[in-house]
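1. following is a predicted model, sequence given first.
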Amino acid sequence: MEDLRKELQRLSKDPIISKKYRNIKLFSYLIRTFIAVVIIYFLWYYEWIKWVLYIYIPINLISLISIFGWNLFLNKRIKKSQLQIEEVISTIDEERGVINPTCPSAS
């Protein structure tokens with residue numbers, strides 16, 4: 001159990017996605033968006049290109065949000081998992097008759 005706690009603490013301190021990797025993803029996102037804008041500009045007179053934008057814009061925004069929001073999402077999940085694990089450990093300790101000082105509900 002102690003190994004699991006240490007691993008979760010390590011994960012919550014270190015960023016899941018490194019800054020270098022995020023910058024690479026952001027650069028590729030900007031290149032991809034620039035190419036799409038150029039293609040849309042040259043094909044604007046076709047009727048179907050306006051319908052393609054209804055699909056492209058939400059996918060593009062989801063991609064941008066995933067670049068910046070992935071660390072926040074994963075850190076929330078890690079903290080939620082930590083709390084659940086601490087609750088399970090405190091329940092097990094209560095069954096055994098041991099008080100766990102690391103659990104917030106053990107008082």
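-> Yep, it's here.

2. make it CA atoms for all contacts and neighbour counts henceforth
-> Noted.

3. number of nearby residues for F34?
-> Using other C-alpha atoms under 10 Å as the criterion, F34 is surrounded by 12 other residues.

4. quickly find the element holding it.
-> Here F34 is covered by helix 19-42, with elements defined by DSSP states H and E.

5. avg pLDDT for that helix?
-> Average pLDDT, helix 19-42: 93.

6. what angle separates whatever helix or strand comes next after that helix from helix 19-42?
-> Next helix or strand after helix 19-42 toward the C-terminus (DSSP H and E): helix 47-96. For helix 47-96 against helix 19-42, the angle by axes from the mean of the first three to the mean of the last three C-alpha atoms, to 10 degrees is 160 degrees.

7. which elements pack onto helix 47-96?
-> When contacts are defined as 3 or more C-alpha pairs under 8 Å, 6 or more residues apart in numbering; DSSP states H and E, helix 47-96 packs onto helix 2-13, helix 19-42.

8. and E95, which of those is closest to it?
-> helix 2-13 (18.4 Å; C-alpha to C-alpha).

9. this completes my enquiry, with thanks.
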